[in-house]
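In: Based on what follows, work out the 3D shape:
(2 chains)
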Amino acid sequence: MIFKEGDLFEQTFTVSTEIYSDFIRLSNDKNPLHTDRGYAQEKGFEDVVMHGNILNAFISYFIGECLPIKDVLIHSQEIQFKNPVYKGTILQFSAEIAGIYESVNVVEFRYNFKNEALKVVAKGKVQIGLLK
Amino acid sequence: MERSEILSKINAIFIDTLDNEDIVINEATTANDIEEWDSLTHIQLVVAIEKQLNIRFTSKEIQSWSDVCEMLTCIQEKGI
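Out: Sure, this is the predicted structure:
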């Protein structure tokens, strides 16, 4: 097994204008919370709130591209959104191996995203299978 | 832990993992008896059992199971 419990992986992601625009194009989610600054501010936010599922795409990139092996498959992914993310935010992503199930080649990560103020904006778990 | 108690815990894991409240397993139950029990959900079942009972199996042990009876025996051998 290439992984061991407690292994830590870190990555930086920026929610850029390009990513924001591409995600709207991909998802077609133009809810005013994400697209209308006046509306978002009326609801108590500083600015339009970035789609939480952009972070899921970052997790997809982490699993698919940042691990030491490519033979992986996401089985499940859980996420809790704790604080809003705004355009241009630089996120510190940290994922720790929380469990290894060698009998079925499964690895579970516990992760979080923190903003520049080191506030957790999202956290969760992702379970992957290692392909033979 | 009594074998019947392990069976009851495993049954609850099957219900939760396979999202089917009607599942009632017994010692003779095999994957052929439960529609949702396939190779993919089997992985989730094993992970859930390992997590909830705080045990670990080997791939050899898992491959040796042909029914719930053998699964229970393997769990008991872990000293549960």
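
In: C-alpha from now on. contacts and neighbour counts both.
Out: Will do.

In: ok, now how distant is A:Glu10 from A:Glu108?
Out: 15 Å (CA to CA, to the nearest Å).

In: more neighbours, those two?
Out: Using other CA atoms under 10 Å in any protein chain shown as the criterion, A:Glu10 and A:Glu108 rank with A:Glu108 on top: 23 against 14.

In: Excluding chain neighbours, what is closest to that one?
Out: A:Gln127 (4.3 Å; CA to CA, 6 or more residues apart in numbering or on different chains).

In: cool, and B:Ser64?
Out: B:Glu70 (7.8 Å).

In: SS state for that neighbour?
Out: Taking DSSP: H, G, I helix; E, B strand; the rest coil as the rule, one finds B:Glu70 in the helix state.

In: Count residues in the vicinity of it, would you?
Out: By other CA under 10 Å, the residues close to B:Glu70 number 16.

In: The residue nearest to A:Glu108 falls within a helix, correct?
Out: No. Counting by three-state DSSP, one finds A:Gln127 to be strand, located in no helix.

In: Can you name the next helix or strand after the longest helix seen in chain A?
Out: If you go by DSSP state H, chain A has its longest helix at helix A:17-27. Using DSSP states H and E, the helix or strand that follows helix A:17-27 in sequence is helix A:32-35.

In: List of residues touching that following helix?
Out: A:Tyr39, A:Ala40, A:Val48, A:Val49, A:Met50, A:His51 (CA atoms under 8 Å, 6 or more residues apart in numbering or on different chains).

In: before we move on, what about stretch B:50-61?
Out: With CA under 8 Å, 6+ apart as the criterion, stretch B:50-61 contacts A:Tyr101, A:Glu102, A:Ser103, A:Val104, B:Ile49, B:Cys74, B:Lys78, B:Ile80.

In: Nearest to chain A within chain B, name that residue for me.
Out: Closest residue of chain B to chain A, CA to the nearest CA: B:Ser59 (4.0 Å).

In: Considering the contacts of stretch B:50-61, which possesses the most neighbours?
Out: Greatest neighbour count in these, by other CA under 10 Å, goes to A:Tyr101: 22 neighbours.

In: what is that residue paired to in the beta sheet?
Out: In this entry, A:Tyr101 is beta-bridged to A:Val106, by DSSP bridges.
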